[in-house]
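Novice: Just to be clear, the model below is a prediction. Sequence and coordinates:
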Amino acid sequence: MSALDDIYKVTEDKMHKALEVTRAEFGGVRTGRASTGLVDRLHVEAYGASVPLKQVATVSTPDARTLQITAFDRTTVGAIKKAIETSDLGLTPNVDGSNVRLSIPSLTEERRKDLVKIVHKKAEEGKIAVRNIRHKSIDEIKALLKDHKITEDENKRAGEHVQKTTDKFIKEVDTLTQHKEKEIMEV
C-alpha cells in the first residue's frame, strides 16, 4: 500500500467519524416526537462522580410523546431528575417510584424555526470538520511531493481524489440536514 493510499484511507476514516459526530449532534436536537437520543448526552451525579445517564438507567419511548427513564438504583432517581431539570431540554420530569417520565410537548412554529437554525449551525460545524480534514490531507500530500516521494501528476490526482471524498461527505451532511429539518418541521 502506497503512502497516498494510507492518506486516502485515513482521510476517509476521519471524515466518516466527523459525519457520525454530526449525526449524533442531530440526535440531541428535539423534534415533536420522543427520542432516546434526546438524553444521550446527559450526565448524572451518582456514586460520587458524573456518569452518563445510560450507566444508571434505561431509556425507552412507551409512546410518541413520552420518554421513560427507569433507574437501575432508586437512590439515583433524584440525581436523574436534577440532571434533566438543569439541562437545556426544557422538559419537566415526573417521578414515579424508580421511573422518571418526560412528556414531549408539541413544538410551536417559532420553536421549530429556532431548532432548524440550531441544526444548520451543527451541520456547518460538521462541514468545517470535514474541510479541516481535507486541508490536513492536502498538506500531507504536498509534503510527499516536496520530499520527492510522488510526482506532480500524482500530487494533482491525489488532490482531486481528496476533494471528491470531501464533496461526498459534505453532500452526506447536507442530506442529514434536510432529513432533520423535515423531521422538525413535520407537525
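Specialist: Sure, I can see it.

Novice: so which strand or helix has residue 159?
Specialist: helix 152-185 (DSSP states H and E).

Novice: on contacts alone, who are the packing partners of that helix?
Specialist: helix 3-27, helix 109-146 (3 or more C-beta pairs under 8 Å, 6 or more residues apart in numbering; DSSP states H and E). In this view, the C-beta of every residue, glycine as well, is placed from N, C-alpha and C.

Novice: To residue 165, which of these lies closest?
Specialist: helix 3-27 (5.7 Å; C-beta to C-beta).

Novice: Specify the angle between the closest one and helix 109-146 in degrees.
Specialist: Relative orientation of helix 3-27 and helix 109-146, computed by axes from the mean of the first three to the mean of the last three C-alpha atoms, to 10 degrees: 170 degrees.

Novice: how about a markdown table for the helices and strands packed on helix 152-185, with distance to residue 55 added?
Specialist: Listed next are those as a markdown table, based on distance: least, C-beta to C-beta, whole Å:
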| stretch | distance to residue 55 |
| --- | --- |
| helix 3-27 | 17 |
| helix 109-146 | 25 |
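
Novice: Which among those helices is found nearest to residue 177?
Specialist: Short answer: helix 109-146, nearest of those by C-beta to C-beta, at 4.2 Å.

Novice: Show me this structure divided up by domain.
Specialist: Domain assignment for the chain by automatic domain parsing gives 3-27+108-185, 36-103.

Novice: So what would you say the end-to-end distance of the shortest one is?
Specialist: By that I understand domain 36-103. This stretch, domain 36-103, spans 13 Å end to end (C-alpha to C-alpha, to the nearest Å).

Novice: just how off-centre is it within its chain?
Specialist: Offset of domain 36-103 from its chain centre (C-alpha atoms, centre = their mean, to the nearest Å): 20 Å.

Novice: can you tell me the average pLDDT over that domain?
Specialist: Domain 36-103 shows a mean pLDDT of 87.

Novice: Likewise for the longest one?
Specialist: The average pLDDT within domain 3-27+108-185 is 92.

Novice: Against residue 155, how distant is the residue located most distally from the centre of the chain?
Specialist: Taking C-alpha atoms, centre = their mean, the residue of the chain most remote from its mean C-alpha position is residue 148, at 39.8 Å. Residue 148 sits 11 Å away from residue 155, going by C-beta to C-beta, to the nearest Å.

Novice: Check residue 122 too.
Specialist: Distance, residue 122 to residue 155, using C-beta to C-beta: 34 Å.
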